[in-house]
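> quick one, structure for this:
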Amino acid sequence: MRVLVIGAGEVGFYIAGRLSEEGKDVVVIDRNEKALQRVAETLDVMTILGNGGSARVLEQAGIRQATMLIAVTQSDESNVIACMLAKKFGVAKTVARVRGDDFGGRDNLLSNEELGIDLTINPERVAAREIIKLLKTPAATEVDYFADNKVEMLGFRVHDEAEIVGKKVRELPLSRECLIVAIARNGDVVIPGGDDVISAHDTIFVLGKTGSLAGVGWWVGQQEERIRSVAIVGGGRISFQVAAMLQDYARLGIHATLIEEDEARCHELAEALGNVLVIHGNGTDLGLLKQEGIGSMDAFIAATKNDEVNILAGVLGKHLGVKKSIVMVNRADYDPVVEALGIDAAIHPRLLTANTILKLVRKGNVVSTAILKEGKAEVIEFEALPQSPIVNRRLADVPFPRGTIVGAIVRGNRIIIPRGQDAILPGDRAIVFTLPDVVASVEKHFDAAR
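Numbering: from 1, shown residues only. This next block holds a predicted model:
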């Protein structure tokens with residue numbers, strides 16, 4: 001499977017790396033020689049220096065043999081042009097990262113279909129939705145849903161005083177409806193067995209029927225109180241999207257305050273966000289934060305364009321007593337710093353964008369995917385086909401690669417947390433946790449038998 005990736009920035013780099021790990025034939029095109037050199041030196045992919053919106057360059061990259069083109073440059077126009085050309089060459093699927101509202105919207109002259117784009121991804125909207133999910137589940141640091149929202153996976157950071165510290169996984173008070181499917185520790189992710197011991201500062205990932213994980217936050221030492229007041233630092237696109245979404249919850253008693261340093265932008269935001277209190281000021285000004293009573297709020301979101309400013313603001317919010325602090329960072333290597341400083345969750349717009357795009361690359365019986373800890377582990381929801389090698393076999397008899405576990409089986413409205421004697425039947429959905437270097441091996445168990 002040949003995939004052309006237009007753009008060697010962080011998103012393109014991450015996508016190309018993931019696809020290469022899974023054995024895909026990847027070509028990365030970019031006009032930035034330095035960015036392209038990083039790709040060539042780090043990844044096992046082909047690189048071409050040039051304009052991804054040029055038919056000549058695309059032909060050089062083997063566009064006629066490609067099954068997918070993913071355009072993720074910083075230019076909406078370049079991404080759209082690359083997709084349009086790809087369709088002219090007969091490429092089956094095209095994806096464009098589009099940040100503005102000028103392409104494919106309801107009020108535009110041309111639809112995505114007419115532009116030759118199968119999927120548009122708006123990074124700010126993706127990040128805002130992720131923040132809203134975290135606000136809805138206050139105790140969790142990560143939230144994902146599967147099987148039409150019937151199954152949820154929540155990540156919880158284990159606090160020093162948590163009652164589960166020092167206990168083995170098999171000793172935990174889990175109900176039959178949920179399962180610990182992964183543990184993140186010191187930058188690594190493991191798929192645990194019953195004898196693995198929980199340590200303070202671990203992040204545990206728990207899978208279960210949606211609604212069945214209530215109470216888990218308490219035994220990791222985290223409060224589960226409902227969030228009713230939110231402070232947002234930064235008036236950019238992500239902050240605006242979050243504030244706009246929170247307006248829909250105002251009727252439920254949720255109130256939002258937004259702090260922005262640019263006075264003109266404050267007036268724009270105040271006019272567009274009728275139910276949000278907009279304050280002109282610096283989100284790292286401790287005096288201002290105290291004056292506005294930020295410490296009494298339930299959640300604090302720092303989403304400026306500057307990672308360091310966001311981290312500082314997040315620390316100040318926690319210092320003042322905010323219950324949940326969420327920061328936006330583009331550099332994944334800041335994650336250990338964020339955790340060490342006591343910030344509750346970090347949002348990575350670029351990685352979220354890349355992961356959303358990667359879902360489209362999966363084979364036909366892959367329903368959805370999720371990436372854990374910047375690609376250290378992966379969750380894949382498969383639909384079991386009648387011809388799949390895995391069906392009608394006890395899970396204990398299936399030769400899964402190392403670091404793989406079936407976390408849940410969805411059969412109609414029934415959610416099964418399986419044991420070794422359970423089997424996957426045709427039509428079931430299986431939610432599988434695995435490591436990235438064995439994804440291709442796992443997929444073979446669910447492919448239609450040839």
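> got the domain ranges for the protein?
Each domain of the chain is listed here as a residue range: 2-121, 127-219, 229-351, 357-446, per automatic domain parsing.
> got a markdown table for the ones you listed, with mean pLDDT and mean neighbour count too?
All C-beta spots, glycine's among them, are computed from the backbone N, C-alpha and C. Below are the domains of the chain laid out as a markdown table (pLDDT from 0 to 100; neighbours: other CB atoms under 10 Å):
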| stretch | mean pLDDT | mean neighbour count |
| --- | --- | --- |
| domain 2-121 | 88 | 19 |
| domain 127-219 | 87 | 18 |
| domain 229-351 | 92 | 19 |
| domain 357-446 | 88 | 18 |
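> ranges for the helices of the stretch 51-200 of the chain?
With DSSP state H, counting those that start in this stretch, the ranges of helices along the stretch 51-200 of the chain come out as 55-60, 76-88, 112-115, 123-136.
> looking at those helices, which is nearest to G12?
Smallest distance to G12 across the helices of the stretch 51-200 of the chain (CB to CB): 10.8 Å, for helix 76-88.
> ok, residues contacting that closest one?
The contact list for helix 76-88, computed with CB atoms under 8 Å, 6 or more residues apart in numbering, reads 4, 6-7, 51-53, 55, 58, 63, 66, 69, 71-73, 94-100, 102-103, 115-117.
> for it, the distance to its chain's centre please.
Averaging C-alpha positions (CA atoms, centre = their mean, to the nearest Å) puts helix 76-88 25 Å from its chain's average.
> put the alpha carbons of it into PDB.
Only the C-alpha atoms of helix 76-88 are listed here, as PDB (Å, rounded to 0.1, in the frame of the first residue of the first chain):
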ATOM      1  CA  ASP A  76      -4.900  25.000   3.400                       C
ATOM      2  CA  GLU A  77      -4.700  25.900  -0.200                       C
ATOM      3  CA  SER A  78      -1.700  23.700  -0.800                       C
ATOM      4  CA  ASN A  79      -3.400  20.800   0.900                       C
ATOM      5  CA  VAL A  80      -6.600  21.200  -1.200                       C
ATOM      6  CA  ILE A  81      -4.700  21.500  -4.400                       C
ATOM      7  CA  ALA A  82      -2.700  18.300  -3.700                       C
ATOM      8  CA  CYS A  83      -5.900  16.400  -3.000                       C
ATOM      9  CA  MET A  84      -7.500  17.700  -6.200                       C
ATOM     10  CA  LEU A  85      -4.500  16.500  -8.200                       C
ATOM     11  CA  ALA A  86      -4.500  13.200  -6.500                       C
ATOM     12  CA  LYS A  87      -8.100  12.500  -7.500                       C
ATOM     13  CA  LYS A  88      -7.200  13.400 -11.100                       C
END
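> quick check: which element contains the nearest residue to H445 once chain neighbours are set aside?
In this structure, H445 finds its nearest non-sequential neighbour in I390, 4.3 Å apart by CB to CB, 6 or more residues apart in numbering. Counting by DSSP states H and E, there is no helix or strand that carries I390.
> any idea which of the helices of the stretch 51-200 of the chain gets closest to E225?
The nearest among these, by CB to CB, is helix 123-136 at 12.1 Å.
> any residues touching that closest one, and which ones?
11, 97, 99, 140-143, 227, 230, 236-238, 240-242, 245-246, 299, 301, 303, 324, 326, 328, 345, 347, 349-350, 352-353, 356.
> the residue positioned nearest the centre of the chain in helix, strand or coil?
By CA atoms, centre = their mean, the chain has its centre lying nearest to L352, at 4.0 Å. Under DSSP: H, G, I helix; E, B strand; the rest coil, L352 falls in the helix class.
> quick check, pLDDT for it.
For L352, the pLDDT comes out at 86.
> mind listing what it touches?
If you count contacts by CB under 8 Å, 6+ apart, then L352 has P123, V126, A127, E130 around it.
> just the ones in strands from the contacts of helix 76-88, please.
When DSSP state E defines the strands, the subset of the contacts of helix 76-88 inside them is L4, I6, A66, L69, A71, T94, V95, A96, R97.
> in these, find the pair that's most separated.
A66 and R97, at 17.8 Å, using CB to CB across the ones in strands among the contacts of helix 76-88.
> so how far is G283 from T257?
11 Å (CB to CB, to the nearest Å).
> one more: A303?
Per CB to CB, A303 is found 9 Å from G283.
> how about I424?
49 Å.
> ok, V439 next?
Counting by CB to CB, the separation of V439 from G283 is 40 Å.
> repeat that for F205.
The gap separating F205 from G283 is 31 Å, by CB to CB.
> all strands for the stretch 151-300 of the chain, in order.
Ranges of strands in the stretch 151-300 of the chain, per DSSP state E, counting those that start in this stretch, are 151-157, 178-185, 188-190, 203-209, 229-233, 255-260, 276-280, 299-302.
> give the residues shared as contacts by A303 and G283.
By CB under 8 Å, 6+ apart, the residues touching both A303 and G283 are V233, G234.
> one step back: joint contacts of T257 and G283?
With contacts defined as CB under 8 Å, 6+ apart, no residue is shared by T257 and G283.
> contacts made by stretch 390-403 with the rest, please.
The contact list for stretch 390-403 (CB under 8 Å, 6+ apart) reads 190-191, 377, 384-385, 406, 418-426, 428, 430, 434-435, 438, 441-442, 445-446.
> at 7 Å instead, please
The contact list for stretch 390-403 (CB atoms under 7 Å, 6 or more residues apart in numbering) reads 191, 384, 406, 418, 420-426, 434-435, 438, 441-442, 445-446.
> please write out the alpha-carbon positions of that stretch in CSV.
Extracted in CSV, the C-alpha atoms of stretch 390-403 (Å, rounded to 0.1, in the frame of the first residue of the first chain):
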residue,chain,number,x,y,z
ILE,A,390,-9.9,-15.5,14.9
VAL,A,391,-13.6,-16.3,15.0
ASN,A,392,-15.0,-19.3,16.9
ARG,A,393,-11.7,-19.9,18.7
ARG,A,394,-11.0,-19.6,22.4
LEU,A,395,-8.9,-16.5,23.0
ALA,A,396,-6.4,-18.7,24.9
ASP,A,397,-5.8,-20.6,21.7
VAL,A,398,-5.1,-17.5,19.5
PRO,A,399,-1.3,-16.9,19.0
PHE,A,400,-1.4,-13.1,19.6
PRO,A,401,2.0,-11.3,19.5
ARG,A,402,3.5,-10.1,22.7
GLY,A,403,1.9,-7.2,24.4
